[in-house]
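J.: Would you be able to build a 3D model of this:
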Amino acid sequence: MNLDPFSMPLEVDDLAARRATLEGEVSPSSMPRLSAQCLEGIAFGIVRFSSEPIRYRLEFRRDDGGALRLRVGICATVVLRCQRCLEPFDHRIDTRSHFRILSRKEDMQADPSADSRASEILYCPEGRLMLEEVIEDEILLALPDIPKHEEGSLPEGEICRIPTLAAIDPAPSNSADPARSPFAALDSLIEKR
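T.: The predicted structure is shown next:
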């Protein structure tokens, strides 16, 4: 019987005992938070996901001390809107993360300095993990704060152009014309005093 790992919580203790590795592909449209971000599109500048599926790999292990470990690898392509030129561009996400899994809140109070092999702690209540949530979290955390074309990412001869005022309002500005001055209304108020 082949069960879909997205349909139910995963038992991390069992997976680590078996040294299980879960890998596969999933469509971004099947993930609610990512789909919502694409619909809103404003918070992260997401335009859409590419037609490529999201590829994932999760490795569950126990270390020598018996602690639960998780390695996560995610590969995806998302189309973002450049905040310089406002044009869409492909942003490749290729992230690797290492976690120590904790299933009890009491363990959260432990001294994190004693654990130098995991960069982050992943809290899994009752030892259960939703695969979809881990993948979505990793993608959302991998999005840039300010989406923009990277140096050298455009085809040869193309540059990321910042929209100018002339491109928005092609009418030339005439600063000598007082009617077009933003302070013209203030001048008339001063003259009335």
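J.: can you give me the helices for this protein?
T.: In the chain, the helices defined using DSSP state H lie at 12-17, 32-40, 105-108, 131-142, 165-168, 184-192.
J.: Going by mean pLDDT, which of these comes out lowest?
T.: Confidence, taken as mean pLDDT, is least for helix 165-168 of these (a mean of 49).
J.: Quick one: low-confidence residue ranges for the chain.
T.: Within the chain, the stretches with pLDDT under 70 are 1-7, 35-48, 105-119, 151-159, 161-180, 182, 185, 188, 192-193.
J.: For it, just list every one of the strands.
T.: 10-11, 21-26, 46-49, 54-62, 68-81, 88-102, 120-123, 128-129 (DSSP state E).
J.: Using CSV, lay out those together with mean neighbour count and distance to Arg33.
T.: Quick note: C-beta positions are derived from backbone N, CA and C, even for glycine. Converted to CSV, the strands of the chain look like this (neighbours: other C-beta atoms under 10 Å; distance: least, C-beta to C-beta, whole Å):
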stretch, mean neighbour count, distance to Arg33
strand 10-11, 18, 18
strand 21-26, 13, 13
strand 46-49, 19, 11
strand 54-62, 19, 13
strand 68-81, 19, 13
strand 88-102, 17, 15
strand 120-123, 15, 17
strand 128-129, 18, 16
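J.: Next, format those as CSV and append distance to Leu186.
T.: Listed next are the strands of the chain as CSV, based on distance: least, C-beta to C-beta, whole Å:
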stretch, distance to Leu186
strand 10-11, 66
strand 21-26, 59
strand 46-49, 42
strand 54-62, 56
strand 68-81, 37
strand 88-102, 41
strand 120-123, 55
strand 128-129, 62
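J.: And these: which comes nearest Phe183?
T.: Between Phe183 and the strands of the chain, the shortest gap by C-beta to C-beta is with strand 68-81, which sits at 34.5 Å.
J.: Adjacent strands (with direction) for that closest one?
T.: strand 46-49 (antiparallel), strand 54-62 (antiparallel), strand 88-102 (antiparallel) (DSSP bridges).
J.: Would you tell me which of those strands gets closest to Val134?
T.: Closest among those, using C-beta to C-beta: strand 54-62, at 7.0 Å.
J.: just the CA coordinates of the closest one, formatted as CSV?
T.: Backbone C-alpha positions of strand 54-62 (Å, rounded to 0.1, in the frame of the first residue of the first chain) are rendered in CSV as follows:
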residue,chain,number,x,y,z
ILE,A,54,8.7,21.5,-6.5
ARG,A,55,11.3,18.8,-5.8
TYR,A,56,11.9,17.8,-2.2
ARG,A,57,14.1,15.5,-0.2
LEU,A,58,13.8,14.8,3.6
GLU,A,59,16.2,12.6,5.4
PHE,A,60,15.3,11.4,8.9
ARG,A,61,18.1,10.1,11.2
ARG,A,62,19.1,9.7,14.9
